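A.B. asks: Generate a structure from the sequence data that follows.
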Amino acid sequence: MEPLRRASSNPDLIRSTNVSRSDRAISASRENMMEAAGFRLPDGNNVSIDREGLRMAEAQLKFKTGIALMHLDKERILNAIHVDK
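C.D. replies: Okay, the predicted model is just below:
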């Protein structure tokens, strides 16, 4: 993964770049995910621990990305408030 760069002072552009990078990683992992259709164990269970683990990892990645973006926004707001001090 590329390091974060501040090529622009526009925080929306930076956020958009980071989110799109995360979305590409999630999309790539989905391509390798086995679909549930037709998958069934002899006991009738169609739950795949691998598929569920991948979905949990995807949710964690989205959550951590959202938290990181919220922290960046908070810091930006605090810096704007305290710019004259």
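
A.B. asks: What helices and strands are in contact with the helix or strand where Ala57 lies?
C.D. replies: Take DSSP states H and E as the rule and Ala57 turns out to sit in helix 49-81. The contact analysis (3 or more C-beta pairs under 8 Å, 6 or more residues apart in numbering; DSSP states H and E) places helix 49-81 against helix 11-31. Bear in mind the C-beta positions are built from the backbone N, C-alpha and C, glycine included.

A.B. asks: mean confidence score for the helix it packs on?
C.D. replies: Regarding helix 11-31, the rounded mean pLDDT is 64.

A.B. asks: again with stretch 68-81
C.D. replies: In the prediction, stretch 68-81 has an average pLDDT of 95.

A.B. asks: tell me which residues of it are tucked away?
C.D. replies: Buried residues in stretch 68-81, counted by 16 or more other C-beta atoms under 10 Å: Leu69.

A.B. asks: Grab the CA positions of that stretch and hand them over as CSV.
C.D. replies: Extracted C-alpha coordinates of stretch 68-81, given in CSV (Å, rounded to 0.1, in the frame of the first residue of the first chain):
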residue,chain,number,x,y,z
ALA,A,68,-9.2,7.3,10.7
LEU,A,69,-11.1,9.8,8.5
MET,A,70,-13.1,11.1,11.5
HIS,A,71,-9.8,11.7,13.4
LEU,A,72,-8.4,13.6,10.5
ASP,A,73,-11.5,15.7,10.3
LYS,A,74,-11.3,16.4,14.1
GLU,A,75,-7.7,17.4,13.9
ARG,A,76,-8.4,19.7,10.9
ILE,A,77,-11.3,21.4,12.8
LEU,A,78,-9.2,21.8,16.0
ASN,A,79,-6.4,23.3,13.9
ALA,A,80,-8.8,25.8,12.3
ILE,A,81,-10.1,26.8,15.7
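
A.B. asks: Okay, Ala80 and Asp73: tell me how far apart.
C.D. replies: The spacing between Ala80 and Asp73, counted by C-beta to C-beta, to the nearest Å, is 11 Å.

A.B. asks: same thing with Leu54?
C.D. replies: Look at Leu54 and Asp73: by C-beta to C-beta, they are 29 Å apart.

A.B. asks: now Ala57
C.D. replies: 25 Å.
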